[in-house]
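Undergrad: heads up, no residue letters with this:
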Ligand SMILES: Cc1ncc(C[n+]2csc(CCOP(=O)(O)OP(=O)(O)O)c2C)c(N)n1
């Protein structure tokens, strides 16, 4: 969680300094959901990643170094500089490079789950998506398909209340995304997405169920993005009281308090922060030094 | 026209939409986050002025609201559907290709689908899924009109014609040409300009515009590529090479006559198109000119297009894929 937070803040700063091109969607504030979910998965389990996916990728084990290089558009990036922030991922750690079209990853995750079932691999896939995504037809179709065929997929909603400038209450008549699970005949849970333990427990149960042939689960994690939708969004459409309340509920601060209550010491936490900072310093230095992709290779990877 | 009427494309589009909404009650807008103006601020201020019934902020449900646009159009409304990125229209391709484009024909003319899609198009450093040239993707679909304005003057006049059209219209504007925010306004010298006021100002579809007159070679280009071509043309003028630059303005219908008339004069044709090399308007126009104007050509037709790859993210790779001013200049030099 500390790695995700500091990665995102560092990326923000680098973006403002003009070192990262394109656009970025930061996930700081949503660390507990990504971390709790990925901790409940094995390395050879998969995740699908959203446009707000740096945290999901880091949690699954994509290295800060390979992702930073990707954001810089360098040849050493996890996708060789071809993907960028919107498409980060690394199959070697089970992170399908991100899909930036809202809703499009749900059928793909469901299809991956179909392959695991057919090949009897025992793998599970977690499909990350946002609250806004639950209004896409492809998402609804996937929920139904996964349910009727008992596929090993866990649908993990990062409900941060907003889809760009649009509040969830303006786009659904049900209160919770998880209320929709009943329509597809699968369990649905709405949980505190800023509590990594709650996320871990719920997703672990869903993963067990999926792995043992019980079919999909919908887990809705209530959380909040601490910044705008993307880099140039001041997010002034959000009411101040709401922002203040959620910013006060910082998942990292909260978990730190929990840990300091007899589980870890200040010194240990400080070591984590120092290690993270060193890792990020190295990642940035490596990204800056790395070569840009050779334009002569631009047509590689179109076909196999 | 006074100086204050020197506008950007998005300002011209806003004027057009506002005038059409004031003129015709049946015009309304739908789209994601259009309450705050949408991605390129096309609807900035419209929610306040026209209210939520005519400025409908939608959930992320493209198949749903595009299909609703088709239905509402059949029943006499004139929906304008705003896309944050035209790329997302692809998720609703069935409603566009199979429904909107075909209902008039299949019904033997019983129904009409007057529907406008506002589509930011082209590459702007956002990687593969946010860089499609929508005008290429949908080019071969009979029943759709496709508009690609490159100046505020054209954008306003053409948008008003789009709203008044009885057909589904894909109105594609390059992401670098709006002049809103988030994306640098490219070629400010040629991409801003004077725009007429007033309800009666429209530009008909199917009429190309000669953006720069010349005698040695004809360059046909649109969107961002038009501005790159104009830049090349003014550079070559210093060497005494006279380039005629034509903006087709609408791809469907396409003003082939103007292109052939120009080629008859210059004997040389370069087509500059940001879409990939396979398919798209420039391939079609090359074939048409080869069929109908071969006798006027003194040299092979040159096409300058993107490479046939998905769009890469790294800036150096995107530059390698999309036609540059150097690529355009080299193509011209190859045939003169
Ligand atoms: C099909 C499609 N429509 C629209 C967009 C533009 N878009 C990108 S992110 C986003 C909001 C997504 O909201 P949500 O699913 O809640 O995720 P969050 O951004 O809150 O993490 C939108 C509308 C898109 N990428 N794909």
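TA: That came through, no problem. All values reported here derive from a predicted model rather than from experimental measurement.

Undergrad: hey, let's count contacts and neighbours off CA atoms from now on
TA: Will do.

Undergrad: what does the model give residue B:1 for pLDDT?
TA: The predicted local distance difference test score for residue B:1 is 48.

Undergrad: again with the one 3 residues further on
TA: You'll see residue B:4 listed with a pLDDT of 58.

Undergrad: show the average pLDDT along the helix or strand containing residue B:227.
TA: Secondary structure from DSSP states H and E places residue B:227 in helix B:223-237. For helix B:223-237, mean pLDDT is 98.

Undergrad: ok now it, how far from the chain's centre?
TA: In terms of CA atoms, centre = their mean, to the nearest Å, the centre of helix B:223-237 is found 17 Å from the chain centre.

Undergrad: other SSEs contacting the helix or strand following that helix?
TA: Scanning forward in sequence from helix B:223-237 by DSSP H and E, the next helix or strand is strand B:243-247. In this structure, strand B:243-247 makes packing contacts with strand B:209-212, strand B:217-221, helix B:223-237, judged by 3 or more CA pairs under 8 Å, 6 or more residues apart in numbering or on different chains; DSSP states H and E.

Undergrad: just name the most buried of these.
TA: A comparison of the helices and strands packed on strand B:243-247 by mean neighbour count, using mean count of other CA atoms under 10 Å in any protein chain shown, puts strand B:217-221 on top with a mean of 27.

Undergrad: starting at the chain centroid, how far to it?
TA: 17 Å.

Undergrad: each with direction, which strands does it pair with?
TA: In the sheet containing strand B:217-221, the strands it pairs with under DSSP bridges are strand B:243-247 (parallel), strand B:269-276 (parallel).

Undergrad: how big is the angle separating that strand from helix B:223-237?
TA: In terms of direction (axes from the mean of the first three to the mean of the last three CA atoms, to 10 degrees), strand B:217-221 departs from helix B:223-237 by 160 degrees.

Undergrad: Serialize the strands paired with strand B:217-221 to CSV and add fields for mean neighbour count, distance to the ligand and mean pLDDT.
TA: CSV is the format used below for these (neighbours: other CA atoms under 10 Å in any protein chain shown; distance: least, CA to the nearest ligand atom, whole Å; pLDDT from 0 to 100):
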stretch, mean neighbour count, distance to the ligand, mean pLDDT
strand B:243-247, 25, 30, 98
strand B:269-276, 27, 21, 98
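
Undergrad: so how far is residue A:60 from whichever residue of the stretch 201-304 of chain A sits closest to chain B?
TA: Residue of the stretch 201-304 of chain A nearest chain B, by CA to the nearest CA: residue A:295 (5.5 Å). Taken as CA to CA, to the nearest Å, the spacing of residue A:295 relative to residue A:60 amounts to 31 Å.

Undergrad: check residue A:187 too.
TA: Shown here: residue A:187 relative to residue A:60, a distance of 24 Å by CA to CA.

Undergrad: same deal with residue B:13?
TA: Here the distance between residue B:13 and residue A:60 works out to 44 Å (CA to CA).

Undergrad: same question, residue B:60
TA: Using CA to CA, which is the criterion applied here, residue B:60 is 27 Å from residue A:60.

Undergrad: same question, residue A:21
TA: Plainly put, residue A:21 is 24 Å away from residue A:60 if you go by CA to CA.

Undergrad: look at the two and report which has more neighbours.
TA: For residue A:21 and residue A:60, the more surrounded residue by other CA atoms under 10 Å in any protein chain shown is residue A:60, and the numbers stand at 24 against 19.

Undergrad: was I right to think that one contacts residue A:94?
TA: Yes - at 7.1 Å, residue A:60 and residue A:94 qualify as touching, with contact defined as CA atoms under 8 Å.

Undergrad: got any residues that touch both of the two?
TA: Common neighbours of residue A:60 and residue A:94, using CA atoms under 8 Å, 6 or more residues apart in numbering or on different chains, are A:43, A:47.

Undergrad: tell me the helices and strands packed up against the strand or helix carrying residue A:269.
TA: In the assignment (DSSP H and E), residue A:269 maps to helix A:266-289. With contacts taken as 3+ CA pairs under 8 Å, 6+ apart, helix A:266-289 sits against helix A:2-16, helix A:64-71.

Undergrad: so where do the strands sit in the chain?
TA: Unless you meant another one, I'm taking chain A. In order along the chain, chain A carries the following strands (DSSP state E): A:46-48, A:95-96, A:125-130, A:153-159, A:162-163, A:166-167, A:188-192, A:217-222.

Undergrad: that was the other one, I meant chain B.
TA: Taking DSSP E to define them, one finds strands in chain B at B:6-7, B:27-31, B:55-57, B:78-82, B:115-121, B:145-147, B:168-174, B:193-194, B:209-212, B:217-221, B:243-247, B:250-252, B:269-276, B:302-306.

Undergrad: how about the strands of chain A, which one is nearest chain B?
TA: strand A:166-167 (6.2 Å).

Undergrad: ok, that closest one near the ligand or not?
TA: No - judged by CA under 6 Å from any ligand atom, strand A:166-167 stays clear of the ligand, getting no closer than 8.5 Å.

Undergrad: quick one: the helix holding residue A:269 to chain centroid distance?
TA: Chain-centre distance of helix A:266-289: 21 Å, with CA atoms, centre = their mean.

Undergrad: what angle sits between it and helix A:64-71?
TA: Going by the same axes, to 10 degrees, helix A:266-289 makes 40 degrees with helix A:64-71.

Undergrad: buried stuff in helix A:266-289?
TA: A:276, A:277, A:279, A:280, A:283, A:284, A:286, A:287, A:288 (16 or more other CA atoms under 10 Å in any protein chain shown).

Undergrad: to residue A:260, which of the helices and strands packed on helix A:266-289 lies closest?
TA: Put simply, out of these the one that sits nearest residue A:260 is helix A:2-16, at 15.0 Å, with distance taken as CA to CA.

Undergrad: run through who's touching the closest one.
TA: Here helix A:2-16 makes contact (CA under 8 Å, 6+ apart) with A:20-21, A:26-29, A:31, A:54-55, A:58-59, A:64, A:231, A:252, A:272-273, A:276-277, A:280.

Undergrad: so which bits of that helix are buried?
TA: So helix A:2-16, judged by 16+ other CA under 10 Å, has buried residues A:2, A:3, A:4, A:5, A:6, A:7, A:8, A:10, A:11, A:12, A:14, A:15.
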